[in-house]
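S.K.: Predicted structure and sequence below. I'll ask about it afterward.
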Amino acid sequence: MLRIIDARTGGPVLAAPARRAPTRVEAHVPERDATALRVLLAADLLARALELDGTPVWTVLTGVAERDRLREDAAALGVRPFEDGPAAGHGAGPGQSLRVVAEGAGEGGDRDATDVTTVAVAPMHPADPDLADPDAVRLVLLERHHHARVELDAAALDEARDTLARLRRAVADWARRPSRPVPGEVRDRLRAAWEDDLDAPGVLRVLRQVETDPDLPDGARFEICAYADRFLGLHLTRDVGSAP
């Protein structure tokens, strides 16, 4: 089951103590900037991990003035839509709740949110990132744990573009081979990574091992990448069926 670090205590807690019960994921940001975008990405990963475990999720956005522009940026980054919703403790309704905020905000200033499990996300720089290649930006962020600060520089983006191009070529090639199921051991390693405080870098490490494992048939490599991408959201199967 998914465990996350609760910013209120610094310790691990179950993200959804009542397994498969409806869960509200709130992304709370005071303004539109790069870190706000990273908060939304972390909330998106949290919702994806819960859904992969069979938990129904309601995602809401609170606290930001420029919501339309932030939503446009988030959509470009592959973040699924968030509804407008009340802040935690303000008529949020029954059920489980999780809150995702920028590091340093914690439950800051909102006394009604102090009983809500809170995920803190480290800053991203620069404040106004270049989203011309959003999948590369998403990969740069996924390569760093959400507790680690990120510098979105040209070198990191170039490396991410190269990685995505290599992976997508490989996935498109593997898709031409006979399909094979995801091996249980690999599925367990993927789930263990994202259920350990949304360890996206750990998921990516598993995929790097899958690329070079001589004992895996190509059809299984394809299915593994397609399965992992339900969490990562990197469109790894985008080039399947395209001309070589």
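M.R.: Yep, it's here. Residues are numbered from 1 along each chain as shown.
S.K.: for residue 223, what are its contacts?
M.R.: The contact partners of residue 223, taken as Cβ atoms under 8 Å, 6 or more residues apart in numbering, are 179, 180, 181, 182. Heads up, the C-betas are built off the backbone N, CA and C, glycines and all.
S.K.: can you do 10 Å?
M.R.: The neighbourhood of residue 223, defined by Cβ atoms under 10 Å, 6 or more residues apart in numbering, consists of 174, 175, 179, 180, 181, 182, 183, 186, 187, 217.
S.K.: And for residue 192?
M.R.: 199, 202, 203, 206.
S.K.: And it, which helix or strand is it part of?
M.R.: Element membership of residue 192 [criterion: DSSP states H and E] is helix 184-194.
S.K.: domain ranges for the protein?
M.R.: Structurally, the chain divides into domains by automatic domain parsing as follows: 3-128, 130-145+152-244.
S.K.: Quick one: those as CSV, columns for mean pLDDT too.
M.R.: Shown next, in CSV, are the domains of the chain (pLDDT from 0 to 100):
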stretch, mean pLDDT
domain 3-128, 87
domain 130-145+152-244, 96
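S.K.: now, of those domains, which is deepest in the fold?
M.R.: domain 3-128 (a mean of 18; mean count of other Cβ atoms under 10 Å).
S.K.: For that domain, measure first residue to last.
M.R.: Chord length of domain 3-128, first to last residue, is 31 Å (Cα to Cα, to the nearest Å).
S.K.: what's the spacing between that domain and its chain's center?
M.R.: 11 Å (Cα atoms, centre = their mean, to the nearest Å).
S.K.: before we move on, back to that, which one of the contacts of residue 223 is nearest residue 59?
M.R.: Here the nearest of the contacts of residue 223 to residue 59, counting by Cβ to Cβ, is residue 187; it sits at 25.1 Å.
S.K.: need the contact list for that closest one.
M.R.: Residue 187 is in contact with 181, 206, 223, 224, 227, 228, counting by Cβ under 10 Å, 6+ apart.
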